[in-house]
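# kindly return the folded structure for what I paste below:
(one chain, ligands or ions: 1)
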Amino acid sequence: MIYTLTANPAIDYNIACDGLEPNCVTRTRNAVYTPNGKGLNVSFTLDHYGVPTTILGFFAGFSGRFIVEGAEALGVPVKPVWTEGITRVNVFLNAGPGTEYNMVNAGAAVNADNEQELFELIESLDDLDCLVISGSLPPQTSEHFLQEVIKRVKAKGAEFVLDISSPQLKELVALEPLLIKPNDDELADIFGITVSGEDDESVQAAMTELHERGVKNVLLTLGGAGAYFSNGERLWFARRTFEVNVVSTVCAGDSSLAAFLSVWSHDQSQVEEALKLSMATGANVVECPGLGDFAKVDEYRDKILVREVVATK
Ligand SMILES: O=P(O)(O)OC[C@@]1(O)O[C@H](CO)[C@@H](O)[C@@H]1O
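As a prediction, this is how the structure comes out:
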């Protein structure tokens with residue numbers, strides 16, 4: 001079973017308006033509240049592609065209950081750790097073509113007892129094959145929280161995937177994650193590695209460094225410009241050949257990761273198919289607020305170009 005861990009889930013509140021002016025009333029439309037957080041988005045997408053998954057995370061208050069009940073209503077099981085306070089509500093405002101405002105809040109604090117409950121929960125899982133750890137950490141999380149989580153995952157003989165933007169990623173890669181999914185900005189901010197779009201040479205060098213640091217596989221996303229995947233021996237590049245009407249880029253990275261995992265976690269030789277589904281899913285998700293309904297993925301999948309990069313050294 002693929003479990004996901006969202007330490008800092010959120011209700012995503014998507015709204016739209018025509019422009020945003022200070023010091024005046026802005027009437028908004030198309031308000032949608034959905035249960036989210038990066039790991040939840042991964043689980044929802046895995047579930048859509050028929051992969052069994054369960055959500056782990058810290059949840060608090062009315063908003064936490066909304067998320068847990070919402071996920072269960074969608075048919076995805078949750079094993080929550082309940083905490084004090086109120087799970088955050090993140091606001092994503094589309095103020096016109098190409099103008100997104102993403103207001104991401106800190107979240108409800110956790111304490112040592114909450115962390116201990118989560119550790120024991122992980123220790124109790126009999127069917128844990130892989131834990132996908134996604135997103136930010138809530139306030140007051142202890143310094144070595146993620147190391148402690150990973151220690152327990154590894155003690156069970158399971159793998160872990162990291163999709164986090166924190167500088168901690170630099171130390172955590174030494175624990176040999178199955179997969180990481182940085183984007184080009186995270187590579188620069190966290191590792192000081194610069195890649196410039198579809199540039200095989202700089203990406204080859206970046207991948208070599210990441211593998212030397214301990215990562216087994218890397219899915220490097222470049223937004224609309226495509227994605228590279230490296231397994232340490234071979235490197236692929238995928239890009240779409242069509243334009244999309246971008247409504248909201250929120251959730252696209254999470255759904256791309258999950259779509260990739262839905263193919264590749266069963267059969268690591270299916271890299272091309274995994275990349276096609278991943279890119280097609282991300283392209284469809286940006287066309288709507290939140291995750292949407294994945295209705296155009298089949299149409300898009302055949303329009304994704306994948307090429308293997310031939311090593312230059
Ligand atoms: O604060 P984090 O955990 O980095 O990001 C949280 C978040 O913005 O990420 C998801 C989209 O990727 C949203 O569903 C959610 O609100």
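
# how about the strands of the chain, start to end?
2-6, 10-16, 29-36, 53-60, 78-83, 89-94, 100-103, 130-134, 159-163, 179-180, 218-221, 227-230, 235-240, 304-309 (DSSP state E).

# in CSV, list those strands along with mean neighbour count.
In short, each C-beta sits where N, CA and C put it, glycine included. Below are these laid out as CSV (neighbours: other CB atoms under 10 Å):
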stretch, mean neighbour count
strand 2-6, 26
strand 10-16, 21
strand 29-36, 17
strand 53-60, 25
strand 78-83, 19
strand 89-94, 19
strand 100-103, 12
strand 130-134, 25
strand 159-163, 24
strand 179-180, 24
strand 218-221, 24
strand 227-230, 25
strand 235-240, 20
strand 304-309, 16
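
# in TSV, list those strands along with distance to the ligand and mean pLDDT.
Putting the strands of the chain into TSV (distance: least, CB to the nearest ligand atom, whole Å; pLDDT from 0 to 100) gives the following:
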stretch	distance to the ligand	mean pLDDT
strand 2-6	7	98
strand 10-16	4	96
strand 29-36	3	95
strand 53-60	10	98
strand 78-83	15	98
strand 89-94	4	96
strand 100-103	7	94
strand 130-134	7	98
strand 159-163	9	98
strand 179-180	15	98
strand 218-221	12	98
strand 227-230	16	98
strand 235-240	19	98
strand 304-309	21	97
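
# reformat those as a markdown table; add distance to E186.
Shown next, in a markdown table, are these (distance: least, CB to CB, whole Å):
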| stretch | distance to E186 |
| --- | --- |
| strand 2-6 | 18 |
| strand 10-16 | 19 |
| strand 29-36 | 20 |
| strand 53-60 | 22 |
| strand 78-83 | 27 |
| strand 89-94 | 19 |
| strand 100-103 | 16 |
| strand 130-134 | 13 |
| strand 159-163 | 9 |
| strand 179-180 | 9 |
| strand 218-221 | 9 |
| strand 227-230 | 13 |
| strand 235-240 | 18 |
| strand 304-309 | 21 |
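
# how close does the residue lying closest to G75 once chain neighbours are set aside sit to A16?
Of all residues not flanking G75 in the chain, D47 sits nearest, at 6.5 Å (CB to CB, 6 or more residues apart in numbering). Per CB to CB, to the nearest Å, D47 is found 27 Å from A16.

# how about L40?
L40 is 23 Å from A16, by CB to CB.

# using PDB, write out every CA atom in stretch 288-306.
C-alpha atoms of stretch 288-306 as PDB (Å, rounded to 0.1, in the frame of the first residue of the first chain):
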ATOM      1  CA  CYS A 288      -9.300  23.900 -13.500                       C
ATOM      2  CA  PRO A 289      -9.200  25.000  -9.800                       C
ATOM      3  CA  GLY A 290      -8.000  22.200  -7.600                       C
ATOM      4  CA  LEU A 291      -7.500  18.700  -9.000                       C
ATOM      5  CA  GLY A 292     -10.500  18.700 -11.300                       C
ATOM      6  CA  ASP A 293     -11.900  15.500 -12.900                       C
ATOM      7  CA  PHE A 294      -9.000  14.300 -15.000                       C
ATOM      8  CA  ALA A 295     -11.400  14.200 -18.000                       C
ATOM      9  CA  LYS A 296      -8.800  15.100 -20.700                       C
ATOM     10  CA  VAL A 297      -5.900  12.900 -19.500                       C
ATOM     11  CA  ASP A 298      -6.500  10.200 -22.100                       C
ATOM     12  CA  GLU A 299      -6.700  12.700 -24.900                       C
ATOM     13  CA  TYR A 300      -3.500  14.400 -23.700                       C
ATOM     14  CA  ARG A 301      -1.500  11.300 -23.000                       C
ATOM     15  CA  ASP A 302      -0.800  10.600 -26.700                       C
ATOM     16  CA  LYS A 303       0.400  14.100 -27.200                       C
ATOM     17  CA  ILE A 304       3.200  13.900 -24.700                       C
ATOM     18  CA  LEU A 305       6.700  13.500 -26.300                       C
ATOM     19  CA  VAL A 306       9.200  11.400 -24.400                       C
END
